[in-house]
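In: curious how this folds, go ahead:
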Amino acid sequence: MPDNADTEQFNADELVAPAWLNAQFIADVLRTYEKCPELEVTDLKITPASAQGDHYASIMFRTTAEYTTSKGKFSKPLIIKTMPEEEGHKKDFLTDSHLFDTEVRSYTTALPEFERILREAGDDTKLFVPCIYHSVAPRQVMIFEDLVPQGYSVIRNRPITQTELKTVYSKLAKWHAVSMKVLNEQPDFLKDFKYGMMEMPTLLKDPMVTTGRENFLKMLDQIPELTKYKPHFEKIKGDLIQRMGNVLQEHRKNFQSDGYYVMCHGDFHLRNMMFKDDKEVMFVDFQASNLCPITIDLKYSLYMLMEPEQRWDLGKDLINYYFSVLEDTLQKVGYKGEMPTNDGLWKQIHRHKFYDFFLLTTFLPLFAAIKANEFKISDIIQDSEIRQKCYLSDPYVQDVKKLLSKYEEVGYFDDL
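Out: Below is the predicted model:
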């Protein structure tokens with residue numbers, strides 16, 4: 001348990017480490033990683049690795065391992081990531097998911113290849129934190145170098161700045177560009193990245209998702225200036241999940257010859273990145289990475305990364321900046337396919353509007369409440385009354401007013 005800390009700031013299932021996570025286990029990991037069979041762990045302090053609301057689909061611990069070798073005394077700060085073992089909603093929620101396998105595959109195959117291609121093009125951008133250990137049996141575990149002692153931190157209790165956003169979109173553009181090159185030249189290399197949100201049946205059946213449309217419609221009824229939009233959402237409420245799924249699975253089930261496809265992060269929100277100053281960012285948590293339209297990370301970040309005032313124009317300036325870096329990187333790495341165009345990107349952003357509708361009505365109200373520390377993430381996910389309150393939060397309502405007006409302006413409600 002954390003020393004002298006308010007345990008309310010941490011996830012309850014991360015307050016006490018499991019019995020197997022002990023000095024012997026860490027010693028075995030470090031002996032292999034350091035190639036040092038005589039290594040002995042002399043002290044091990046284990047604490048929760050993240051705060052309430054940072055994540056839900058894993059269990060994470062932070063430790064500093066003090067150890068000795070024939071060369072002397074050393075210490076290594078580590079992050080241990082594993083899957084839920086306690087019975088309950090979180091474990092059930094993740095049953096039969098491919099999250100862990102996908103993340104291991106990201107760290108061990110895709111991301112190293114992406115970095116290699118960038119290095120060959122003279123770009124030293126770092127795309128991922130070194131994973132020093134991974135295992136799928138007898139339990140699912142990944143161990144990483146801890147970025148906090150290196151000066152990185154998660155943004156909490158303040159808005160992300162415009163400079164930080166440009167840093168994020170620059171790195172995302174480089175990742176997307178290299179993955180586009182790999183898809184064009186080595187399509188089989190990424191063929192196993194085929195598990196996104198639509199391949200998580202427990203998520204799609206969870207009340208958090210299934211009640212979102214009704215809660216949104218109830219909110220529209222209670223805000224006089226928003227009731228005029230209700231017919232649009234009434235029209236799509238019955239098949240919104242399927243239409244959203246058609247967007248997410250387009251690469252796998254309805255490949256478009258003019259589509260722009262990449263390996264997306266898949267869960268591209270503020271708590272899945274760590275910043276050092278305002279010009280360095282490291283993305284983390286690649287559990288949902290999969291092949292899909294280029295618009296998926298862009299739209300997700302519009303609602304889950306930007307502040308309301310930064311997305312009033314649907315992120316136009318930042319997405320155009322992203323595209324400039326994407327285009328430049330494709331040229332630098334020698335992309336041989338047909339070059340994407342800025343107009344083509346915005347046409348696909350419009351074509352994939354049902355993903356916007358889903359995020360606006362289902363994820364944004366919940367994420368906004370988590371971000372504002374109004375409720376615990378576990379309560380939001382599991383308590384229907386708390387979820388309904390999220391929809392009537394004034395910041396969310398004001399955000400919706402501006403977004404629906406913008407949707408109307410750009411024609412999102414045409415031809416529903």
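In: the top helix by length along the chain - contacts with which helices or strands?
Out: The longest helix of the chain (DSSP state H) is helix 162-185. Counting contacts by 3 or more CB pairs under 8 Å, 6 or more residues apart in numbering; DSSP states H and E, helix 162-185 is packed against helix 111-120, strand 261-264, strand 273-276, strand 280-283, helix 295-304, helix 316-332. Heads up, the C-betas are built off the backbone N, CA and C, glycines and all.
In: the longest one: how far from the chain's middle?
Out: Its chain's C-alpha centre lies 21 Å from the corresponding centre of helix 316-332 when counted by CA atoms, centre = their mean, to the nearest Å.
In: buried residues in that helix?
Out: Within helix 316-332, the residues scored as buried using 16 or more other CB atoms under 10 Å are 318-319, 321-323, 325-327, 329-330, 332.
In: how about the second one?
Out: Taking 16+ other CB under 10 Å as the neighbour-count basis, strand 261-264 is seen to contain the buried residues 261-264.
In: the residue lying closest to N22 once chain neighbours are set aside in helix, strand or coil?
Out: Once flanking residues are discounted, N22 sits nearest to L44: 7.2 Å by CB to CB, 6 or more residues apart in numbering. Under the three-state scheme (DSSP: H, G, I helix; E, B strand; the rest coil), L44 adopts strand.
In: output stretch 191-201 as CSV, restricted to C-alpha atoms.
Out: Extracted as CSV, the C-alpha positions of stretch 191-201 are listed here (Å, rounded to 0.1, in the frame of the first residue of the first chain):
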residue,chain,number,x,y,z
LYS,A,191,-1.9,-8.7,-40.8
ASP,A,192,-2.3,-9.8,-37.2
PHE,A,193,-3.3,-6.3,-36.1
LYS,A,194,-7.0,-6.9,-36.7
TYR,A,195,-8.6,-6.5,-33.2
GLY,A,196,-10.2,-3.1,-32.5
MET,A,197,-13.2,-2.0,-30.6
MET,A,198,-15.6,-4.0,-32.7
GLU,A,199,-13.7,-7.2,-31.9
MET,A,200,-14.5,-6.7,-28.2
PRO,A,201,-17.9,-8.2,-27.7
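In: pull the residues that contact that stretch.
Out: 96-99, 102, 105-106, 110, 203-204, 245, 248-249, 252, 263-264, 266, 288-292, 296 (CB atoms under 8 Å, 6 or more residues apart in numbering).
In: please name the residues that touch the residue of the chain positioned farthest from its centre.
Out: In terms of distance from the mean C-alpha position of the chain, S70 ranks first, at 41.3 Å (CA atoms, centre = their mean). Shown in contact with S70 (CB under 8 Å, 6+ apart): 36, 38.
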